[in-house]
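Participant: Fold the following, please.
(one chain, ligands or ions: 2)
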Amino acid sequence: MTQYERAVNDRLEKLKRRPRARILAIETSCDETAAAVVENGRTVLSSVVHTQIPLHVPYGGVVPEIASRSHVQKIGAVVRRALDEAGLTLPELDAVAVTNGPGLVGALLVGLSYAKGLAYAAGLPFLGVHHIASHIAANYLSDLSLEPPFTCLVASGGHSHIIVVEDYERYRLLGRTRDDAAGEAFDKVARVLGLPYPGGPNLEKLAREGDPTRYRFHSAFNEGDGFDFSFSGIKTAVVNRLHNAQQAGETIDRADLAASFQKTVVDILADKAVRAAQAQPGAAGEKLALAGGVSANGALRAAMEQRANKAGIAFYCPDFAYCTDNAAMVGSAAYGKLMRGETDALSLNAVPYLSIEEQTQGA
Ligand SMILES: Nc1ncnc2c1ncn2[C@@H]1O[C@H](COP(=O)(O)OP(=O)(O)OP(=O)(O)O)[C@@H](O)[C@H]1O
Ligand SMILES: [Mg+2]
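Facilitator: Ligands and ions are numbered 1, 2, ... in the order given. This next block holds a predicted model:
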């Protein structure tokens, strides 16, 4: 046994005697450099997010090389600030957790390497966390009473999943997108409308001034009984509507188009998520949560809440600070694993494509 492994075992023994875990969490899977300290999976002692948005605006989207380089430049300062704001030093922590996938491989490797270095230097347990499990765990930070089982819609830049959260770290995938993720569709339509990156929030802003009933976009696939989504056809229909109008010299109201597109996507997401919850027997059907970057969308939050309430289902969504990428959600997602003593080896690699079900314990 190495000196590091002995130190980790001592720490895990200490946790068994006094179950209070303060986890330093790090997230660098895409274009946010984030660090946080979270106590017992529920209490955020600090959460620092450095966004790279200004760096990527000139390119209209995330440039992976620029993202990796910026993570390298910022990670030290971001982690130091998270520790300072929590008023804790490295030896006072109980573990280091980090996103190890899915995400941009170069970006993931920066956080992963940094977290490993800290864990090794301080003799702390080290844990890799699935990014989508973290997005789901953002709900535990915002509603301290929420416990599995529940049904969850994850709508983010790279994912649109309906998942039954059977238990902490036990997930059953009910449905997924067949093509674009919801956030990706928002970003692509925003781009065609001439809105700057990041598309989703800017499209929402424009949609607030528009009439959502002005243009209609049908999608036979999404009207079916299944729980899979498809957003690529809707995106193409919006793009074609805009191009046809331009070619015909017809003026098109961009705000109405944005509002109509948003309503179409929101209705599909909310309908399927509520139907999925209704199809679950027992407690998993009584609670519906929302997660991922698109959960910051006010129209989606309102539609989900209204439909869930009408169906007698309790609705949960993260505070705005924990909707898009952050490290506090990583610290929450790592808690159960740490308390079971399931740490990762320092040889853990970054996995750009990592399914949520592979993360499931004992499946
Ligand atoms: N208010 C909003 N309305 C619609 N979409 C939004 C809003 N805010 C953020 N988004 C979208 O959420 C996505 C970013 O979310 P998030 O940070 O979770 O994605 P990611 O980490 O890039 O992808 P993933 O989590 O799937 O790996 C982007 O596509 C963005 O446009
Ligand atoms: Mg994300």
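
Participant: who's in contact with Lys16?
Facilitator: Gly341 (Cβ atoms under 8 Å, 6 or more residues apart in numbering). C-beta here means a position set from N, CA and C on the backbone, and glycine is covered the same way.

Participant: Now name the helix or strand holding it.
Facilitator: For Lys16, the host element (DSSP states H and E) is helix 3-17.

Participant: Mind giving me the packing neighbours of the helix or strand just after that helix?
Facilitator: Per DSSP H and E, helix 3-17 leads on to strand 22-27 as the next helix or strand towards the C-terminus. Using 3 or more Cβ pairs under 8 Å, 6 or more residues apart in numbering; DSSP states H and E, the elements in contact with strand 22-27 are strand 32-39, helix 64-86, strand 95-101, helix 105-122, helix 328-339.

Participant: and stretch 279-289, which residues are buried?
Facilitator: Buried positions in stretch 279-289, judged by neighbour count with 16 or more other Cβ atoms under 10 Å: Gln280, Ala284, Gly285, Lys287, Leu288, Ala289.

Participant: distance between the ends of that stretch?
Facilitator: In stretch 279-289, first residue to last residue: 15 Å (Cα to Cα, to the nearest Å).

Participant: what comes into contact with that stretch?
Facilitator: Here stretch 279-289 has contacts from 136, 139, 146, 148-153, 164-166, 273-274, 277-278, 304, 308, 313-317, using Cβ under 8 Å, 6+ apart.

Participant: So Val62 belongs to a helix, correct?
Facilitator: No - applying DSSP: H, G, I helix; E, B strand; the rest coil, one finds Val62 to be coil, outside a helix.

Participant: Check the contact between it and Ile53; I expect there is one.
Facilitator: No - in this structure Val62 lies outside contact range of Ile53 using Cβ atoms under 8 Å: 9.4 Å.

Participant: near ligand 2, which residues of this protein?
Facilitator: Within reach of ligand 2 by Cβ under 5 Å from the ion, the chain has these residues: Ser156, Asp325.

Participant: out of the buried residues of stretch 279-289, which are inside strands?
Facilitator: Of the buried residues of stretch 279-289, the ones assigned to strands by DSSP state E are Lys287, Leu288, Ala289.

Participant: returning to that earlier point: from the contacts of stretch 279-289, keep the buried residues only.
Facilitator: Using 16+ other Cβ under 10 Å, the buried ones in those are 136, 139, 146, 148-153, 164-166, 273-274, 277, 304, 308, 313-317.

Participant: among the helices and strands packed on strand 22-27, which is nearest Gly158?
Facilitator: Taking Cβ to Cβ, strand 95-101 is the member of the helices and strands packed on strand 22-27 nearest to Gly158, at 11.1 Å.

Participant: Number of residues surrounding the nearest residue to Gln3 once chain neighbours are set aside?
Facilitator: Leaving out its chain neighbours, the residue that sits closest to Gln3 by Cβ to Cβ, 6 or more residues apart in numbering is Gly123, at 7.7 Å. By the criterion of other Cβ atoms under 10 Å, Gly123 has 17 neighbours.

Participant: before we move on, what about Ser113?
Facilitator: Ser113, neighbours per other Cβ under 10 Å, totals 15.

Participant: could you list every residue that touches the residue nearest to Gln3?
Facilitator: Gln3, Tyr4, Ala7, Val8, Asp10, Arg11.

Participant: between these, which is nearest Pro19?
Facilitator: Arg11 (12.7 Å).

Participant: On the three-state scheme, the closest residue to ligand 2 within the stretch 251-363 of the chain is what?
Facilitator: At 4.5 Å from ligand 2, Asp325 is the closest residue in the stretch 251-363 of the chain, using Cβ to the ion. Taking three-state DSSP as the rule, one finds Asp325 in the coil state.

Participant: Model confidence for Gly362, exactly?
Facilitator: At Gly362, the model reports a pLDDT of 39.

Participant: Kindly apply the preceding question to Gln359 instead.
Facilitator: For Gln359, pLDDT reads 64.

Participant: Tabulate the ones in strands among the buried residues of stretch 279-289 (TSV), appending pLDDT.
Facilitator: Shown next, in TSV, are those (pLDDT from 0 to 100):
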residue	pLDDT
Lys287	98
Leu288	98
Ala289	98
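
Participant: Now tabulate those residues in CSV and tack on distance to ligand 1.
Facilitator: Formatted as CSV, those follow (distance: Cβ to the nearest ligand atom, whole Å):
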residue, distance to ligand 1
Lys287, 21
Leu288, 19
Ala289, 15
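
Participant: coming back round to it: report the buried residues of the helix holding Lys16.
Facilitator: Counting neighbours by 16+ other Cβ under 10 Å, the buried set in helix 3-17 is Tyr4, Ala7, Val8, Arg11, Leu12, Leu15.
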